[in-house]
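> show me how the following folds:
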Amino acid sequence: QVQLVESGGGLVQAGGSLRLSCAASGRTFNSYAMGWFRQTPGKEREFVAFINRGGSTTHYPDSMKGRFTISRDNAKNTVYLQMNSLKPEDTAVYYCAATSAPAPITTSAFRYDYWGQGTQVTVSS
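Residues are numbered from 1 along each chain as shown. Next up is the predicted model:
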């Protein structure tokens, strides 16, 4: 069992930056690859970023490459999402998630086992 708690969301102007954190409970954090997703009302949950167990592999959708950076600190049981050059269309609830899937990269929300409660990010124009 893994419990995830996100923090760091808030209101930011377009072009600004935010850093989200996701703290995980338990001693098996490094057994899970981690992902960030986001969701707006009426839309499906959207993949944002992936990082593997050791932190050596990351993956992003093309729309977020160069703006978003995922990282993890296994000693602190924490995964981060640095978001730069934010746009109003980045406004959403952001979720971190943990997956035990063996695939090298996992982008489907259905393959994630544990989810945080989400943190709101609002980007004003």
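> for stretch 60-69, which outside residues touch it?
With CB atoms under 8 Å, 6 or more residues apart in numbering as the test, stretch 60-69 has contacts from 36, 46-50, 58, 70, 81-86. Every residue, glycine included, has its C-beta placed from N, CA and C.
> hmm, try it at 6 Å
Here stretch 60-69 makes contact (CB atoms under 6 Å, 6 or more residues apart in numbering) with 49, 82-85.
> scan those residues and report the most crowded one.
The most crowded member of the contacts of stretch 60-69, judged by other CB atoms under 10 Å, is Ala49 (28 neighbours).
> report the secondary structure state of the closest residue to that one other than its chain neighbours.
Spatially, and ignoring its direct neighbours in sequence, Ala49 is nearest to Ile70 (3.9 Å; CB to CB, 6 or more residues apart in numbering). State at Ile70, reduced to three classes by DSSP: H, G, I helix; E, B strand; the rest coil: strand.
> surely Ile70 is in contact with Thr58?
Yes: counting by CB atoms under 6 Å, Thr58 is a contact partner of Ile70 at 5.4 Å.
> beta-bridge partners for the residue nearest to Ala49, please?
Legend: beta-bridge partners of Ile70 under DSSP bridges are Leu81.
> measure the residue sitting nearest the centre point of the chain to Arg27 for me?
Nearest residue to the geometric centre of the chain (CA atoms, centre = their mean): Trp36, 2.1 Å. Distance, Trp36 to Arg27, by CB to CB, to the nearest Å: 22 Å.
> check contacts around Gln82.
Gln82 neighbours (CB under 6 Å, 6+ apart): 19, 69.
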